[in-house]
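Chemist: what follows is a protein structure lacking sequence information:
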C-alpha cells in the first residue's frame, strides 16, 4: 500500500488558472490591434475608392480629348479631300507613273517612290492633291525648274530607299563635285 501512496504524491499538482487580469490585458491588446487593423483597412478602402474615382475621371477626360482629336482629324481629312478635289486628283495611286520634266530632262518615276517620305515636300507635291496646280510643260509633263542631274540623283536615292531595309538605308545621293552644292540645296528643298 505504501507504494501506491507514493505514486500519487509524486504527480505534479495541476497548474493554476491564469489570473483574470492578465488574460483581459492580452485580450485588450488583441482587440486594440484588430481595431487598428479595421481602421487601416477602412482608410485603405477609402483611398482606393478615391483612386478609382480619380482614374475614372481621368479616363473620361482622356476619352473626351480623344473624341475631340478624332473630330478634328475628321475635319482635317475632309479639308484635305476638298483641297485635293479642287486642286488635284483624289483618285491617285502609288503605282501611277509620273513623267517629270526636270530642267529639260524627262524623268519617269512611280508616284509612290516620290511620296514615301511622309511630311516631305516631295510627298506633298506629288501626292495628287496639287496635280492641277503644278506647272506643266508643253507636252503636259510636270515641270520642275531644277538641275536634272541632281534631281535624278534624288529620284535614284528614293528608289534605293524604297527597296532598302531600315537597318541598312542607302547612302545619301551624290553627284560630281561641281554640282554638290546644288544637290545639297535641292535635298533641303525637297
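Modeler: Everything's here; your move. Quick caveat, the model's predicted, so the values are computed rather than measured.
Chemist: and the strands in this structure?
Modeler: Taking DSSP state E as the criterion, the chain contains strands spanning 97-102, 105-110, 142-144.
Chemist: wait, what's in contact with the residue nearest the centre of the chain?
Modeler: Nearest to the mean C-alpha position of the chain, by Cα atoms, centre = their mean, lies residue 66 at 13.9 Å. Taking Cβ atoms under 8 Å, 6 or more residues apart in numbering as the criterion, residue 66 is in contact with no other residue. Every residue, glycine included, has its C-beta placed from N, CA and C.
Chemist: and of the strands of the chain, who's closest to residue 24?
Modeler: The minimum distance between residue 24 and the strands of the chain falls on strand 105-110, with 92.4 Å, by Cβ to Cβ.
Chemist: returning to that earlier point: if I look at the residue nearest to the centre of the chain, how far off is residue 60?
Modeler: Going from residue 66 to residue 60 by Cβ to Cβ, to the nearest Å gives 11 Å.
Chemist: got the strands of the chain as JSON lines, with mean neighbour count columns?
Modeler: Below are the strands of the chain laid out as JSON lines (neighbours: other Cβ atoms under 10 Å):
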{"stretch": "strand 97-102", "mean neighbour count": "18"}
{"stretch": "strand 105-110", "mean neighbour count": "16"}
{"stretch": "strand 142-144", "mean neighbour count": "18"}
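Chemist: got a list of what residue 86 touches?
Modeler: When the contact criterion is Cβ under 8 Å, 6+ apart, the partners of residue 86 are residue 132.
Chemist: and stretch 175-186, how far out from the chain middle?
Modeler: Between the centre of stretch 175-186 and the centre of its chain there are 37 Å (Cα atoms, centre = their mean, to the nearest Å).
Chemist: pull out the buried residues from that stretch.
Modeler: Under the neighbour-count criterion of 16 or more other Cβ atoms under 10 Å, stretch 175-186 has 175, 182, 183, 186 buried.
Chemist: what's the end-to-end length of that stretch?
Modeler: Between the start and the finish of stretch 175-186 there is a gap of 12 Å, counting by Cα to Cα, to the nearest Å.
Chemist: same question, stretch 112-132
Modeler: End-to-end distance (Cα to Cα), stretch 112-132: 18 Å.
Chemist: and it, how far out from the chain middle?
Modeler: Chain-centre distance of stretch 112-132: 24 Å, with Cα atoms, centre = their mean.
Chemist: list the contacts of that stretch.
Modeler: Here stretch 112-132 has contacts from 80, 83-84, 86-96, 98, 111, 134, 154-155, 158-159, 161-162, 189-190, using Cβ under 8 Å, 6+ apart.
Chemist: hmm, 6 Å instead?
Modeler: With contacts defined as Cβ atoms under 6 Å, 6 or more residues apart in numbering, stretch 112-132 is touched by 83, 84, 87, 88, 89, 92, 94, 111, 158, 159, 162, 190.
Chemist: what is the nearest of the residues you listed to residue 142?
Modeler: Checking those against residue 142 by Cβ to Cβ gives residue 111 as the nearest, at 10.7 Å.
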